[in-house]
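Chemist: Output the structure for:
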Amino acid sequence: MALDFAYAMQIFRNEPLPEPQNPNRHPADVLRVKYWFHEVAKALNCSAAYQLEKLFEPEHFRRQNQRTSYPNKWGRYAAGDNTPQLKLLQMVEARAPGTQRELQHPLWHFLKRQGSTRPLTSNDMSKLEPNVQTIVFKPRHNAHFGAPRCWVPFSRQVANKLLRHGDLDALAALVVYWGIAKSQGSAKEIEYVATTIYRMLLVVGVLFYHRKLHAELLMLFTTVIFDHTPWAVGRFGTDPGTFQLSILVLHYPIEQHNQVVSTQEWKKKTIKINKLLSGEMGFDMKFALEPFCLPTWDLGPPTQLDWAEWEQRRRYWAWGWHCILHQEIGKFPPMEVAVNYFREKGDPSCQGEAWLLIKDKFPKSNPSSAIIFEYGQWPPT
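Modeler: Sure thing, here's the model as predicted:
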């Protein structure tokens, strides 16, 4: 289940994200239009924006001064700068069925609602596909079909069902769960849902990877979800390069280069991926593909306990990546993963004394390269 190490290292040549022409445009609108455009282009076997414009709006093309001019309206769709109107959407839907919902999917609306004065509630999940609603709603008192339903609170069982489902509707349901947890103020619940969202991004991220939109997907969720999650040991720090490698590690051995899979094949694939992420097939994949957090010690040096908690997670993460990149089987972490920075009595020392002991190990802030190069050293020095 590992990639060739030399091949993996080539992946980290991250390209900067293009600056949006309209800074006031929500990144969810930019991404959803790009995602729609790429799906339309693939469905109609068109490789350029002008081909789609000529197909759907040929009246735009005029011959002037021995040159063909056109407004490049579809070029702006490709860049996510403009959103197509309903009339055009319906025209495209007639030739490429299913594309209209991808643009108007509830996921984009839910992401734009985060942080608004009207928070998301369980009622918003009624906009999702029926097969996802059966996961997040249940009949009251085992009533008959069509009877009133009640919302199913978030749990490990719900998380696993949504991860096995593995589509945009399941991801949208998790965004609603995160919004509910955020409004209720439980830090542990917020982090739990956010971790499940990250795992779901690894599942559906391959759909964006084939469209070269996976980096924008991560940045959108980082801005809307992960940067507003109270992570126990720091702030969300997974970069696009590591996210891309994580997608390939999960999907490449299963999918190879086949971009189109049937519903049944996708279901089998998501079941296997969920087993990898849950640790059923070894802890190396589980630890390596967890969200990575950078320490937030800006207000002063950490105590030994602060360092131990962060370093423990870092070591699990680094050990997992070491196994993957060196094609080693890591069923269970070795003893050296354990961290012990305590005094003989087991009590953490005061902040000043702790800093003298661990200052040489203090990590760099805002790494310029992929975090796996900054924090993924294994074995620990």
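
Chemist: Distance check, Trp307 against Glu336.
Modeler: Separation of Trp307 from Glu336 (Cβ to Cβ, to the nearest Å): 17 Å. All C-beta spots, glycine's among them, are computed from the backbone N, C-alpha and C.

Chemist: who has more neighbours, those two?
Modeler: Taking neighbours as other Cβ atoms under 10 Å, Trp307 and Glu336 compare with Trp307 leading, 24 against 11.

Chemist: Now do the helix or strand hosting that one: distance to the chain's middle.
Modeler: Taking DSSP states H and E as the definition, one finds Trp307 inside helix 304-325. Mean-position distance between helix 304-325 and its chain equals 21 Å (Cα atoms, centre = their mean, to the nearest Å).

Chemist: and what of stretch 194-213?
Modeler: Counting by Cα atoms, centre = their mean, stretch 194-213 comes out at 4 Å from the chain centroid.

Chemist: And stretch 289-308, by the same measure?
Modeler: On Cα atoms, centre = their mean, the centre of stretch 289-308 falls 22 Å from that of its chain.

Chemist: Next, the buried residues of it.
Modeler: 289-295, 297, 302-304, 306-308 (16 or more other Cβ atoms under 10 Å).

Chemist: Kindly report the same for stretch 329-339.
Modeler: For stretch 329-339, using 16+ other Cβ under 10 Å, the buried residues are Gly330, Pro333, Val337, Val339.

Chemist: Next: stretch 164-179.
Modeler: Under 16+ other Cβ under 10 Å, the buried positions of stretch 164-179 are 164-179.

Chemist: residue closest to the middle of this protein?
Modeler: Leu201 (3.1 Å; Cα atoms, centre = their mean).

Chemist: Off-centre distance for whichever strand or helix holds it?
Modeler: In this structure, Leu201 sits in helix 187-209 according to DSSP H and E. Computed by Cα atoms, centre = their mean, the chain-centroid distance of helix 187-209 equals 5 Å.

Chemist: For that helix, buried residues please.
Modeler: Buried residues in helix 187-209 (16+ other Cβ under 10 Å): 189-209.

Chemist: swap in stretch 310-328?
Modeler: Here stretch 310-328 shows 310-325 as buried, counting by 16+ other Cβ under 10 Å.

Chemist: so how many other residues sit close to the nearest residue to Ile135 once chain neighbours are set aside?
Modeler: Distances taken as Cβ to Cβ, 6 or more residues apart in numbering place Lys161 nearest to Ile135, at 4.8 Å, with adjacent residues excluded. Residues within reach of Lys161, counting by other Cβ under 10 Å, total 18.

Chemist: Lys161 and Trp178: what is the separation?
Modeler: 16 Å.

Chemist: before we move on, what about Leu86?
Modeler: Relative to Trp178, and taking Cβ to Cβ, Leu86 is found at 30 Å.

Chemist: Report the distance from stretch 74-94 to the chain centre.
Modeler: Put simply, stretch 74-94 sits 25 Å off its chain's centre (Cα atoms, centre = their mean).

Chemist: With stretch 172-181 instead?
Modeler: The answer for stretch 172-181 is 14 Å, by Cα atoms, centre = their mean.

Chemist: Ok, stretch 277-284 next?
Modeler: Taking the mean of its C-alpha atoms, stretch 277-284 sits 19 Å from the chain's own mean (Cα atoms, centre = their mean).

Chemist: Okay, now stretch 149-161: how far is its last residue from its first?
Modeler: Terminal residues of stretch 149-161 lie 18 Å apart, using Cα to Cα, to the nearest Å.

Chemist: buried stuff in that stretch?
Modeler: In stretch 149-161, counting by 16+ other Cβ under 10 Å, buried: Arg149, Trp151, Val152, Phe154, Val158, Ala159, Asn160, Lys161.
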